[in-house]
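*Asks:* Structure of the sequence below:
(4 chains)
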Protein chains: 4
Amino acid sequence: MNSELNLKLAADFVDAAYVRQGSEAMKAREKRITSLLAQRKLPAQGWDDLSIKLFLAELAEMDSNNFAHNAGAGEREARVASSIVADRCFHLAHGVGRSGDICAIQPKAAGSSLLVQLTNVLVKDMLHIAGVKNAKCAIVLPVATGMALLFSLLTLQAKARAAGARAKRYVLWPRIDQKSCFKSMVTAGLEPIMIENRLDGDELRTDLEALEAKILEVGAENILCVLSTTSCFAPRGYDRVEEIAQLCLKHEIGHVINNAYGLQSSKCTHLVNQAFRTGRVDACVQSTDKNFLVPVGGSVICGPHPAFIQEIGKMYPGRASNAPLLDLFITMLHLGSDGYKALLDERKVLVPYFKEQLAAVAEACGERLLVTPHNDISFCITLQKSVDQQPQPPSGDATKTKSATFLGSMLFSRGVSGTRVVSTTDSKSIAGYPFPGFGAHTDAFPSPYLTAACAIGMTKPDIDLFVQRLHKALVEFQKA
Amino acid sequence: MNSELNLKLAADFVDAAYVRQGSEAMKAREKRITSLLAQRKLPAQGWDDLSIKLFLAELAEMDSNNFAHNAGAGEREARVASSIVADRCFHLAHGVGRSGDICAIQPKAAGSSLLVQLTNVLVKDMLHIAGVKNAKCAIVLPVATGMALLFSLLTLQAKARAAGARAKRYVLWPRIDQKSCFKSMVTAGLEPIMIENRLDGDELRTDLEALEAKILEVGAENILCVLSTTSCFAPRGYDRVEEIAQLCLKHEIGHVINNAYGLQSSKCTHLVNQAFRTGRVDACVQSTDKNFLVPVGGSVICGPHPAFIQEIGKMYPGRASNAPLLDLFITMLHLGSDGYKALLDERKVLVPYFKEQLAAVAEACGERLLVTPHNDISFCITLQKSVDQQPQPPSGDATKTKSATFLGSMLFSRGVSGTRVVSTTDSKSIAGYPFPGFGAHTDAFPSPYLTAACAIGMTKPDIDLFVQRLHKALVEFQKA
Amino acid sequence: MNSELNLKLAADFVDAAYVRQGSEAMKAREKRITSLLAQRKLPAQGWDDLSIKLFLAELAEMDSNNFAHNAGAGEREARVASSIVADRCFHLAHGVGRSGDICAIQPKAAGSSLLVQLTNVLVKDMLHIAGVKNAKCAIVLPVATGMALLFSLLTLQAKARAAGARAKRYVLWPRIDQKSCFKSMVTAGLEPIMIENRLDGDELRTDLEALEAKILEVGAENILCVLSTTSCFAPRGYDRVEEIAQLCLKHEIGHVINNAYGLQSSKCTHLVNQAFRTGRVDACVQSTDKNFLVPVGGSVICGPHPAFIQEIGKMYPGRASNAPLLDLFITMLHLGSDGYKALLDERKVLVPYFKEQLAAVAEACGERLLVTPHNDISFCITLQKSVDQQPQPPSGDATKTKSATFLGSMLFSRGVSGTRVVSTTDSKSIAGYPFPGFGAHTDAFPSPYLTAACAIGMTKPDIDLFVQRLHKALVEFQKA
Amino acid sequence: MNSELNLKLAADFVDAAYVRQGSEAMKAREKRITSLLAQRKLPAQGWDDLSIKLFLAELAEMDSNNFAHNAGAGEREARVASSIVADRCFHLAHGVGRSGDICAIQPKAAGSSLLVQLTNVLVKDMLHIAGVKNAKCAIVLPVATGMALLFSLLTLQAKARAAGARAKRYVLWPRIDQKSCFKSMVTAGLEPIMIENRLDGDELRTDLEALEAKILEVGAENILCVLSTTSCFAPRGYDRVEEIAQLCLKHEIGHVINNAYGLQSSKCTHLVNQAFRTGRVDACVQSTDKNFLVPVGGSVICGPHPAFIQEIGKMYPGRASNAPLLDLFITMLHLGSDGYKALLDERKVLVPYFKEQLAAVAEACGERLLVTPHNDISFCITLQKSVDQQPQPPSGDATKTKSATFLGSMLFSRGVSGTRVVSTTDSKSIAGYPFPGFGAHTDAFPSPYLTAACAIGMTKPDIDLFVQRLHKALVEFQKA
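*Replies:* The predicted model follows:
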């Protein structure tokens, strides 16, 4: 609309002065796009929905499937049968990447390609805002954290093979009881070597000595990497990532960080940033949904060395859905850096309140908040007394255990989602590997407990509602 | 996006050749807008949804409520609380018109204003396509037919008053049993004088002699206008509009045509066009929903003299919803002239099939299709035998009548909408005026009957489904 | 989905416990609908978008055009050509009303009809929340304020005529310089008699003595009604509506209140409510867009006597667009009573800040805020000194006047919308009636001035931005 | 809305008879859902958009993030920041799967989980319709074909390892020059052994003898599987998949079929079906976008043995985006089996026309259509004469080659997408493996050529437009 000719013609319908003002407004938006392309940073202030949709429509116009007179004679022409589907993808139907590289430009889809590239540069800005200033490169993959870890591992493996190091099949892994990161190793055909955590007060921390001892025992030449973790369920603290990175540097072994939802915590991002700076990190993986309030399905891989990150993109066979990138792109424009910072700040401010409220419920019920200074997202309260208090069944522990878990069901059916009750006496086997005390990140944690998270996007009313229901359920549980 | 600078910057992300191709595509769309603004005609080929939405977004950008940094300090700033609402109006929230003129340009809303003006010129093109080539001016009002008639009458009245002719309070009105056109006269404070139709074979036609006699009786100086009708339910045929127009010219009285859904019939449009050319017509009113497949709520007023049509716009007090115009604008771009012609052609082709099928059902049930050559939208079949055949109740006609109407309920509950069963013996009073035999456009039509319409947008499967259900219901009805 | 059978079948796919929880959630929403239907009040807490859309989809299901196997054989079957249009009206395409009554139920469209009825009862609740507790009936018309006034007047007129009182053709009208309310009288064929306002300090107030004198002079038997006004641009204060209502009661003449955007001010609603209680009011009209943050196009007519309000609905000839009702319905569910109250409260809290800031700018520029205690929406500052200060042109006042208006253009081009600069020396003629000093609600206001409004939906940052730009513009203006 | 109570309450607003009819309509839709859940097949007739959206909204209601009073205290609560994003995913934000299994049910998301399960059963029905009647199980993965192949291979590998067969690291692969399937082997850490195709007339076919010889040479115990291909660019024909399956059965080696866009060809589906029945196939992979007209990003893995297919789901580490499943689910409901069959039939009917038109262009330009009876999607015409005819440059072949490719650019810039010009003399290296004559599926194809596809969704006007542009470009090319 904003061509000279069209504006001139419009002035035959509407007073030129008003048309001019409309044109100024269109130019102002053009400038915002210019600024996005030139500065490669989030806008300070988020865009309104109209601007976002308009930009998406313009990008869609640049894709061949939307050319007014395109003649498509290929086997993949981004034809879309349902108008509901076409609408919901904003007519951007070509997905991302090419057969050779998930980050590659698609000749048929200039608009989609531009969206992908912009998403990658903008997400780097978000990482910087969150505190990972040393992230030199970032790519958004349309797969969740587990898969992003898998690709990081496969890429490390391919590099090792290319360098003739076929024996590197072990991954040292400070234990975290979460299935998908464990499966990422196994699916990659690698052999995880679990490093048990050490109990430090109430908290589980990385056993650095055990880790280094294991490196020496197995031999660095046989170890592909260490897979460390930041964000996790308390009472596990984040790993001693900086020291691990230094060990990896020293022993010349790879290092992948699972920073799944760590971007929301300045403690985690500081840690990652330090590790980038002072030690070795090949790739650091984070979830888009858990950090950026988008639907499940994407992840960001970043690192201090662009070359390796780009290698990961090249490992990905074929094209992929653009949905996770599109969601993130929209959300970044919507939030702007001010909006993102506000979300980070709001969480930071709520954490003490969350802990306080949780501690109050615990105390009122004869339990206590565990002291886990190295985790400021997840928190837990003991359930020992609650379980002990219950009317004693004839057959000891097993039933008690069952009871602890029953609190979880009670909460679920009362509309509380996301808490986890850990009996600490359950065991599980994943892909053939045994996990005694599964859920507790250690074989024998002293007490059953309940964890809850103060995650990004949570509000004060959310906390109040949660705590009130928890209190009620816990009281009922103790009486049951 | 399509500025030189932005394209240049985009080429840092995506190969310049692909960006260039995207830019060509954007330019091609710009040209389509140019063509719309310059030629003021429907595009031959309808636009795709992406193009339509993009254009709407660009128009919205030109409205002050969407300016990124607008400071609104008025009592009406088009703020929208719900994002559902903002989305559904494409952020075009200023409505149409100004306090002084429904067709006026809004300084705060250049985009909305342009949309209104474009809608008016494009709808004129549609009228021409449909056959009303002599329509020199057309405006779309965001009110339905009845209200558009009211405004036509009020404007005629205001003109008469301005000319000192305060006595003109009668409207001559060839009877049509439809409430809203009757109410438009009464609401305007005018006095309708009903001209009964004359039965010509099966069909009811304008009684021109009675009309002219009434003019002479009442005195032209006391008559504001004739309100004639084209599209109507059979067995009424369209009025002898051309002859009426000539009478009006001769006696210097106004003439408003109610062409509610007549645009879909080339017979009606030919008639209207002739009336414009050879007689007097002040305004001709048509429904947008019945002719153009949009939701209920708009009308088009056109005429041979732009000045009068524009007067109507000026009579409208205050602003109004843009919804009916927006719906029509989108639909016109969606259809294009090819699409609109195809709809008109499809209906024309289906009419003989519709009549044939309806006649077949009638004959199979001992009834017949009435011969109504001056109505090619609505058709009717007798129900006399069906009513007679029914097991005789003790108390004569009244019950029979009830029976006839009962067929309507049967059809309604079997998912047939839009048919009307007319007992011909019902009477009704509207605004104090008696209508004996209400529904039949005459005091005593010889037989009860059922009408059905072959309207624009109907398909062959629709006809088949309708006819099949009608047949079944009629058989059941006769047995009941 | 939520039938017993479907839930049972779903449990073959998904664990019964999770299905059950989903079913509970669906039932909870069902209950919210129950509550809406049973209590006929806004929900306390606004609904989320998903719930609103789901409810609209369910209503649409109840309309015949969406029946899976409907056979439509009428001339109006709500067929929609464009899927963009179908989407944006949520498939509710039948509009509102029937030919005989805009508030009537449509047999073909149970869902649409229910939406209309609900909208009317919910809006009554909003009126009560806003303070018009004595509103016994309310209807939402899909036309803006001017048209709603027109219909109120036409209905009064029709009633008078029906009672044999053909002479009642005057409307007494305390002057307010706004075109559409004036046109509503003229378009109705009535003769406005303007009652000049009286200057009381800085403020213009109703001249009650003059009003009553005029009643006696013209004769109550010749007067259809008084048309009074609440919300208006300062320095006009709201009319002495309560006293006017009492006069009307005493002299047995009609009374229509133009409460266009008065619902947002508790002062106005208190006034209206008192007038309902202690005097005569036939109808009170308010805008939907100015009070409820929806797009332009609807109005609410309420009054203390349901019968008269319902008469107005019956005057409306034919069907109409449902868009304004749909927008309002969505918005009412979105806001809930809490949300609406919060908007009202926010405005109330901001008014003193707005006045303070405006006064500060005025003082800084040698002007002052006018004292207008009977208007708490619109405020004004003098421009006398600013105009005087300007480099003197050779030819006196006329040019000064031009200068004052020029400030308006300056503000407009700087992205300030909604302010009005009144030179007080302009004159205008509307429909042949002269308005000396047009814009100022009086023939000769002592000083040129600028008005600005603190309207519902305005935020503190909006005020800051506005005031800052105003200051800058005013300084520039004085130097120019 | 459709509870007894709500209907009863609604009847206080709208006549009970109309409410009842609306209720019937709602029940009719309920039954369609029942039918979907009970029969696990596509509806015969596609659903309208309103029904689809309503069903999605109901599913969304069942997810905890949409519970009106949910208290989320986890690290992943499907909070969505942007309403654009929430809308476009229909509030279904939990993605698919759990950490342990991509096909697992999510306790927090009953609706999303049901959608996934339904998608999987409905897609099986689509496979059956397309001709793969022996598909006993199918899952939709939210990754494209290359990744689905990778997962099939990784699962085979894990199974082999679990069975102690660590040596199985070779994949026998009848050559097809397509990067992502090749990369799927390499990324999995496997070693592809390429089996060159044999030229049979104009066509390249599987060299079965060479394949079996290689099995014997390498040793079945070292071979993980054969990766065969159906759909491919002509002049390669589909592989002799049935015979390969029999070889695999005989030698007890795995077999994965890359049936990327083969579902649209009854020849390919027949082949796959036979292979399932008579030989060994572990998994057969197909693209969703290329077969079902949805955006890029999903694939269907099916096979004759449910256990293995389910294993693949379990290999996937973590959750994933639901976007590709949601798109497919919507599209399946939109099309219905009738719609899908119509698409398949339309393509089948167009193929002879496509070939005829392509042959005509070829002949007019002195080229010919290659005879490739075992490929009915992709077709090619020689370019030998066109290249030869060009003004001879000094330095032989290399320049000619360049010329051939130049035709591709010409077509691209003329708005023809999807054709491929193969010079047959290009070479490429993928992941370190050399591909002489890359693009032609063989080291030295006799002539340069151009391929084009008659793919699902193509229309006759598409073909005409394509052929006309091709002709024009080819003529220009010959003259250039």
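*Asks:* how many other residues sit next to the residue of the stretch 51-200 of chain A with the smallest separation from chain D?
*Replies:* Going by CB to the nearest CB, chain D is nearest to A:G74 of the stretch 51-200 of chain A, at 2.0 Å. From N, CA and C alone the C-beta is placed, and that goes for glycine too. Burial of A:G74 is recorded as 21 neighbouring residues (other CB atoms under 10 Å in any protein chain shown).
*Asks:* Enumerate every residue touching it.
*Replies:* Going by CB atoms under 8 Å, 6 or more residues apart in numbering or on different chains, A:G74 touches D:S417, D:G418, D:T419, D:R420, D:A452, D:A453, D:A455.
*Asks:* a helix runs through A:K8, doesn't it?
*Replies:* Yes - when DSSP: H, G, I helix; E, B strand; the rest coil is applied, A:K8 is found to be in a helix.
*Asks:* residue nearest the centroid of chain A?
*Replies:* A:S287 (1.5 Å; CA atoms, centre = their mean).
*Asks:* Enumerate the beta-bridge partners assigned to that one.
*Replies:* Under DSSP bridges, the beta-bridge partners of A:S287 are A:S299.
*Asks:* give the contact list for it.
*Replies:* A:A144, A:T145, A:A260, A:Y261, A:G298, A:S299, A:V300, D:R76.
*Asks:* ok, now which ones touch the last one?
*Replies:* So that's D:R76. Contacts of D:R76 by CB under 8 Å, 6+ apart are A:Y261, A:S287, A:D289, A:K290, A:V296, A:G418, A:A455.
*Asks:* What values do phi and psi take at it?
*Replies:* phi -140, psi 100 (degrees, to the nearest 10).
*Asks:* Now do it against A:Q117, distance only.
*Replies:* Separation of D:R76 from A:Q117 (CB to CB, to the nearest Å): 28 Å.
*Asks:* Domain map for chain A?
*Replies:* With domains defined by the TED database, chain A comprises A:1-39, A:110-338, A:344-393+A:401-479.
*Asks:* Now do the first one: distance to the chain's middle.
*Replies:* Relative to its parent chain, domain A:1-39 has a centroid offset of 39 Å by CA atoms, centre = their mean, to the nearest Å.
*Asks:* near chain C at all, that domain?
*Replies:* Yes - for domain A:1-39 and chain C, the contact criterion (CB under 8 Å from any CB of the partner chain) is met by A:Q21.
*Asks:* Just say helix, strand or coil for A:R166.
*Replies:* With three-state DSSP as the basis, A:R166 sits in coil.
*Asks:* ok, the residue nearest to it when sequence neighbours are not counted - contacts?
*Replies:* The shortest distance from A:R166 to any non-neighbouring residue, by CB to CB, 6 or more residues apart in numbering or on different chains, is to A:A160 (7.5 Å). Counting by CB under 8 Å, 6+ apart, A:A160 touches A:R166, A:K168, A:L224.
*Asks:* Now which of the residues you listed would you call buried?
*Replies:* Neighbour counting over the contacts of A:A160 (16 or more other CB atoms under 10 Å in any protein chain shown) leaves A:K168, A:L224 as the buried ones.
*Asks:* Show me the two of the contacts of A:G74 that sit farthest apart.
*Replies:* D:R420 and D:A455 (13.3 Å; CB to CB).
*Asks:* What helices and strands are in contact with whichever strand or helix holds A:S337?
*Replies:* Using DSSP states H and E, the element containing A:S337 is helix A:323-364. Taking 3 or more CB pairs under 8 Å, 6 or more residues apart in numbering or on different chains; DSSP states H and E as contact, the helices and strands that helix A:323-364 lies on are helix A:49-61, helix A:110-130, strand A:137-141, helix A:288-292, strand A:378-382, helix A:460-479, helix D:83-88, helix D:323-364.
*Asks:* please redo it, this time with the cut-off set to 7 Å
*Replies:* Applying 3 or more CB pairs under 7 Å, 6 or more residues apart in numbering or on different chains; DSSP states H and E, we find helix A:323-364 packed against helix A:49-61, helix A:110-130, strand A:137-141, helix A:288-292, strand A:378-382, helix A:460-479, helix D:83-88.
*Asks:* Please state the offset of the second one from the chain centre?
*Replies:* When you say that, I think you mean helix A:110-130. Relative to its parent chain, helix A:110-130 has a centroid offset of 16 Å by CA atoms, centre = their mean.
*Asks:* That helix to helix A:49-61, inter-axis angle?
*Replies:* Angle, helix A:110-130 to helix A:49-61, by axes from the mean of the first three to the mean of the last three CA atoms, to 10 degrees: 130 degrees.
*Asks:* Contacts for helix A:110-130, please.
*Replies:* When contacts are defined by CB atoms under 7 Å, 6 or more residues apart in numbering or on different chains, helix A:110-130 is touched by residues A:36, A:40-42, A:59-63, A:92, A:94, A:96, A:105-106, A:135, A:138-140, A:263, A:269, A:300, A:302, A:322, A:325-326, A:328-329, A:332, A:337, A:340-341, A:344, B:10, B:13-14, B:18-19, B:21-22.
*Asks:* How many residues are close by A:N65?
*Replies:* 23.
*Asks:* related to what we said a few turns ago, between the contacts of A:G74, which is nearest chain C?
*Replies:* Using CB to the nearest CB, D:A455 comes nearest to chain C of the contacts of A:G74, at 24.3 Å.
*Asks:* My guess is the closest one contacts A:A73. True?
*Replies:* No - using CB atoms under 7 Å, D:A455 is not in contact with A:A73; the gap is 8.3 Å.
*Asks:* These two: which has the busier surroundings?
*Replies:* Shown here are D:A455 and A:A73; by other CB under 10 Å, A:A73 has more neighbours (30 against 27).
*Asks:* Give me the three-state assignment for the closest residue to the more buried one other than its chain neighbours.
*Replies:* Nearest residue to A:A73 in three dimensions, chain neighbours excluded: D:A452, at 4.0 Å (CB to CB, 6+ apart). Classification of D:A452 using three-state DSSP returns strand.
*Asks:* Quick one: residues contacting D:A452.
*Replies:* A:A73, D:L358, D:F379, D:G418, D:T419, D:F466.
*Asks:* what stretches of chain A score poorly on pLDDT?
*Replies:* Low-confidence segments of chain A (pLDDT under 70): A:391-402.
*Asks:* Contacts (any at all) between chain D and the longest strand seen in it?
*Replies:* Secondary structure of chain A per DSSP state E: the longest strand is strand A:223-229. No - if you take CB under 7 Å from any CB of the partner chain as the test, strand A:223-229 misses chain D, and the best it gets is 11.6 Å.
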